[in-house]
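A.B. asks: Quick one, what's the 3D model for this:
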Amino acid sequence: MTNLPVRMARWSAGHPWRAIAGWFLLVALCLGAGLAVGGKAATTEDFWIGEAGRGEAMATDGGLEQRALEQVLITAKPGAGAGGLDAASADAAARDVAGRMKALPEVESVSAPVRSADGTAVRVDVTLKGPELDGEKHLGPLRAQTGRAQAAHPGLWIEQTGSPSIGTAVDELRGKDLSRSEMIALPITLITMLVVFASLAMALVPLLLAISSIVASIGLAMLASHAFPDNGISTNIILLIGMAVGVDYTLFYLKREREERARSGGRLSSQAVVELAAATSGRAVVVSGAAVIVSSATMYLADDVIFSSIATAAIIVTLVAVISSMTVLPALLAKLGARAERRKERKEARAARRGTTLRTRRPRSGAGPVTSALLRITSRHPAATLAAGVVAMLALAAPLLNLNLTDMGTETHPRVLPAMQTFDRLNKAFPELKSMNQVVVRAGAGRAGEVNAALRDLARRAKSDANMAGTAKLRTSADGRVSMLELAVPHYVSDRAAQQSLKDVRENYVPATVGRLTGVETAVTGDVARYADYPEHQKQKLPLIIGALLLATFAMTVWAFRSVVLGLIGMLLNMLSVGASLGLLVLVFQGEWAEGPLGFDSTGSIGSRIPLLLLVILFGLSMDYQVFVISRIREAVLRGVPTRQAVLDGIGSSAGVVTSAAFVMVTVFASFIPLHIMEMKQMGFSLAAAVLLDAFVIRVVILPSLMLLLGDANWWPSRGVRRARETAPADRPPLEVG
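C.D. replies: Model prediction:
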């Protein structure tokens, strides 16, 4: 036993207090370093993608970049009567608001008051200084002035909204939701561990290591953000993945340590038992962790700051969880094992004094009744079981044919937020604010006249377009090199009319006007273009990432088990699992039938990031079960057990721990379903469904059926299995299934 997990476990178990103290010192250093250095947030430039991103880059080059914009809405108070909004009072309030805002150092400009077409509202636009993403930092003083204006005009309703207000509110709501989900996941995880181990000390170990790994990872993620900027989701991913893999890895290790302890019958020391567990489950944890890390790294291929941030967070927390399982976990197990041995010796001594025999409870390692029943059917009819399982998974995947991917626009945020309620009232009074197309042109400074003439021609053509508001604004940079035409669209970015307006501008109006000019650079950006270009970018990158994932899964499986056949099986089963879970996601969230039970308003679409995120995370996490289960099977085969019996024994003996690990993962992921943010809700549902299907259909039905049918071909071209067949008899009796 000269491999790295065993060597590390041997040292850790031999020096438990040093290992434990060293681990918690490492956690403190990681968090302290992260807090001292601080994190680096993604900038506006990091989000530029496609033609929309190119247009934003050109606008920024000319000083015409998007700025953080807040709007103060002035309306009559509810129940004001038939008279509605008093024009004189509203104008006085608007002038007061404008004066207050102009005096703030955070404000770049304040527009003249704008009255709605129906006369029911007046608005004041406030443009903030600095990049668009910095707007949230300046909200405090603006809100204070809006509150003072409201107090000065009690007869009116004065409220504030805008991208900074909505972004801040969404972040605060996400934080509250995540805290609530943790309050659900942690107790259920603890109860699950108590059921599995019947020991509070053992139950607390997985939670302790998962939480400490999360804390260390948050600090390391702050440091890593200086190389891979954080888009604000890193902590969420660390919590999500950290609880899942942290508990899983610890659970695999703990269960194997208890089995080896029970099998030794007290003949081995705690340190020796820990080394045995490290030689088997320890190696499986390292391989599983490597698979999650490699799978997560493929997200860098998306060439997108959001996925880079997710990949970095997933890689860091997985690596830290693996390190904890290789270092501090053996130390904790050695200490707990020694304590258990001393307690057993005292009980035996008391029993001897009473003249009785101490009853010892052996941990149950066999399959439960449900798994046993499934395995009995599978062992008798593997072909039929395989066909039934595959057909069922394909049926679940069928709705995927109607998948509609979109970016989640501002209008999809929950209406429990006051900023979103004001957003709705603002857009009802001023529908032209719902979205915008921006045509950006860059040319030589001496050509500003002809460029602007072409853009005015474009504006005239678009004025009669039913999908646009008919209003346009032309701006030119100070040096005359960059011009931008803003075309208001009275539809939300997700509406078909808004998408059609973008198509018309790009395919008709631009080619007929500025597109005729030679030597100029043109791009169409704006809210609608951002919404359309991001999913398209994801679709273009998806084949590359899928190919990399399949290759990574194949290579990791072949490396772990020296089998090309198992590598192919791993790829196929992962795709089947992802397809079924995505099909369920489409069935639930693109329709309206589940809105009530799950608490959401369907957008008729799936967030464009969800399939790629699900694909990558599931490919990594499913390797946990794949490696753990097949490792058990291969161990038996290498001892000379026939493949058929080894499959049934391996599935049966690992069923309990796989079920427990899956239950913990499902709990963690499902705790995201009640969240208000649509993408978080969809992500939690899809991951929970994927883990359920992977653990209870793929690993218990389809995998054993397939391996039983393939027999010894599973191990091709492994020479180790052939040598085991020739030299090593089975040294243990087969496990009875049922």
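
A.B. asks: Against which helices or strands is the helix or strand containing residue 313 packed?
C.D. replies: Using DSSP states H and E, residue 313 maps to helix 305-326. Secondary-structure packing of helix 305-326 (3 or more CB pairs under 8 Å, 6 or more residues apart in numbering; DSSP states H and E): helix 4-14, helix 200-224, helix 234-264, helix 283-297, helix 610-638. (C-beta placed from N, C-alpha, C; glycine too.)

A.B. asks: Out of these, which gets nearest to residue 469?
C.D. replies: Across the helices and strands packed on helix 305-326, residue 469 has its closest neighbour in helix 610-638 (32.0 Å, CB to CB).

A.B. asks: The closest one vs helix 305-326, what angle?
C.D. replies: 30 degrees (axes from the mean of the first three to the mean of the last three CA atoms, to 10 degrees).

A.B. asks: center of the chain - which residue?
C.D. replies: Nearest to the mean C-alpha position of the chain, by CA atoms, centre = their mean, lies residue 237 at 5.5 Å.

A.B. asks: How much space separates it from residue 683?
C.D. replies: As judged by CB to CB, to the nearest Å, residue 237 and residue 683 stand 10 Å apart.

A.B. asks: now residue 577
C.D. replies: Taking CB to CB, one finds residue 577 at 16 Å from residue 683.

A.B. asks: Neighbour count for these two, which is higher?
C.D. replies: For residue 577 versus residue 683, the count of surrounding residues by other CB atoms under 10 Å is larger for residue 577: 28 against 25.

A.B. asks: Can I take it that that one is in a helix?
C.D. replies: Yes: per DSSP: H, G, I helix; E, B strand; the rest coil, residue 577 lies within a helix segment.

A.B. asks: Tell me the helix or strand right after the helix holding residue 313.
C.D. replies: As assigned by DSSP H and E, the chain's next helix or strand after helix 305-326 is helix 328-354.

A.B. asks: I'd like the average pLDDT over the following helix or strand past that following helix.
C.D. replies: Counting by DSSP H and E, the next helix or strand C-terminal to helix 328-354 is helix 369-380. Averaged across helix 369-380, the pLDDT comes to 82.

A.B. asks: who does whichever helix or strand comes after helix 369-380 touch, helix- and strand-wise?
C.D. replies: Following helix 369-380 in sequence order, the next helix or strand is helix 382-397 (DSSP H and E). Packing partners of helix 382-397 (3+ CB pairs under 8 Å, 6+ apart): helix 564-589, helix 703-710.

A.B. asks: can the ones you listed go into CSV with extra columns for distance to residue 444 and mean pLDDT?
C.D. replies: Formatted as CSV, the helices and strands packed on helix 382-397 follow (distance: least, CB to CB, whole Å; pLDDT from 0 to 100):
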stretch, distance to residue 444, mean pLDDT
helix 564-589, 49, 91
helix 703-710, 65, 93
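
A.B. asks: In TSV: these, plus distance to residue 233.
C.D. replies: Converted to TSV, those look like this (distance: least, CB to CB, whole Å):
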stretch	distance to residue 233
helix 564-589	19
helix 703-710	33
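
A.B. asks: Residue 39 is nearest to which of the ones you listed?
C.D. replies: The minimum distance between residue 39 and those falls on helix 564-589, with 31.1 Å, by CB to CB.

A.B. asks: packing partners for that closest one?
C.D. replies: helix 382-397, helix 527-561, strand 606-607, helix 610-638, helix 678-693, helix 703-710.

A.B. asks: Let me see the mean pLDDT of the third one.
C.D. replies: The reference is to strand 606-607. On average, strand 606-607 scores 88.

A.B. asks: Direction included, what does it pair against?
C.D. replies: strand 405-406 (parallel) (DSSP bridges).

A.B. asks: so how far is the strand it pairs with from its chain's centroid?
C.D. replies: Here the centre of strand 405-406 is set off from its chain's centre by 16 Å, with CA atoms, centre = their mean, to the nearest Å.

A.B. asks: Which element is encountered next along the chain beyond it?
C.D. replies: helix 418-429.

A.B. asks: Next, the buried residues of that next one.
C.D. replies: For helix 418-429, the neighbour count (16 or more other CB atoms under 10 Å) marks 419-420, 422-423, 425-427, 429 as buried.

A.B. asks: do the same with stretch 92-105
C.D. replies: In stretch 92-105, counting by 16+ other CB under 10 Å, buried: 93-94, 96-98, 100-101, 104.

A.B. asks: where does the stretch 51-200 of the chain have low pLDDT?
C.D. replies: 79-83 (pLDDT under 70).

A.B. asks: tell me, how many neighbours does residue 621 end up with?
C.D. replies: Residues near residue 621, counting by other CB under 10 Å, number 28.

A.B. asks: same thing with residue 592?
C.D. replies: 11.

A.B. asks: Quote the end-to-end distance of stretch 486-498.
C.D. replies: Stretch 486-498 has an end-to-end distance of 14 Å (criterion: CA to CA, to the nearest Å).

A.B. asks: do the same with stretch 293-304
C.D. replies: Start-to-end, stretch 293-304 (CA to CA) is 18 Å.

A.B. asks: what comes into contact with it?
C.D. replies: Stretch 293-304 is contacted by residues 49, 307-308, 310-311, 314-315, 318-319, 537-538, 541, 544-545, 548-549, 552-553, 556, 612-613, 616-617, 619-620, 623 when judged by CB atoms under 8 Å, 6 or more residues apart in numbering.

A.B. asks: Quick check on those residues: which are buried?
C.D. replies: In the contacts of stretch 293-304, the ones that pass as buried (16+ other CB under 10 Å) are 49, 307-308, 310-311, 314-315, 318-319, 537-538, 541, 545, 548-549, 552-553, 556, 612-613, 616-617, 619-620, 623.

A.B. asks: List of residues touching stretch 438-450?
C.D. replies: With CB under 8 Å, 6+ apart, stretch 438-450 has contacts from 55-56, 58-59, 61-62, 64, 451, 454-455, 458, 476, 479-487, 505, 509-510, 514, 517, 519-526, 529.

A.B. asks: Please, which helix or strand holds residue 73?
C.D. replies: Secondary structure (DSSP H and E) places residue 73 in strand 69-76.

A.B. asks: Tell me the strands beside that strand, with direction?
C.D. replies: strand 121-128 (antiparallel), strand 156-162 (antiparallel).

A.B. asks: re earlier: the helix holding residue 313 versus helix 4-14: what angle between them?
C.D. replies: 60 degrees.

A.B. asks: between helix 305-326 and helix 328-354, how big is the angle?
C.D. replies: Going by the same axes, to 10 degrees, helix 305-326 makes 40 degrees with helix 328-354.

A.B. asks: what's near enough to touch residue 558?
C.D. replies: Residue 558 touches 564, 566-567, counting by CB under 8 Å, 6+ apart.

A.B. asks: ok, now with 6 Å
C.D. replies: Counting by CB atoms under 6 Å, 6 or more residues apart in numbering, residue 558 touches 564, 567.

A.B. asks: repeat for residue 71
C.D. replies: 123, 125, 161-162, 426.

A.B. asks: try it again with 8 Å
C.D. replies: Contacts of residue 71 (CB under 8 Å, 6+ apart): 123-126, 160-162, 426, 433.

A.B. asks: Could you check how many residues crowd around residue 416?
C.D. replies: Look at residue 416: counted by other CB under 10 Å, it has 10 neighbours.

A.B. asks: In the protein, which residue sits furthest out from the middle?
C.D. replies: For the chain, the largest distance from the centre (CA atoms, centre = their mean) belongs to residue 355, which lies 59.1 Å off.

A.B. asks: Can you tell me how far the residue nearest to residue 57 when sequence neighbours are not counted is from residue 525?
C.D. replies: The shortest distance from residue 57 to any non-neighbouring residue, by CB to CB, 6 or more residues apart in numbering, is to residue 48 (5.9 Å). Taking CB to CB as the criterion, residue 48 is separated from residue 525 by 9 Å.

A.B. asks: Ok, residue 329 next?
C.D. replies: Residue 329 is 51 Å from residue 525, where distance means CB to CB.

A.B. asks: Residue 433 too?
C.D. replies: In terms of CB to CB, residue 433 sits 17 Å off from residue 525.

A.B. asks: Which one of those two is surrounded by more residues?
C.D. replies: For the pair residue 433 and residue 525, the greater number of neighbours falls to residue 525 (27 against 19), based on other CB under 10 Å.
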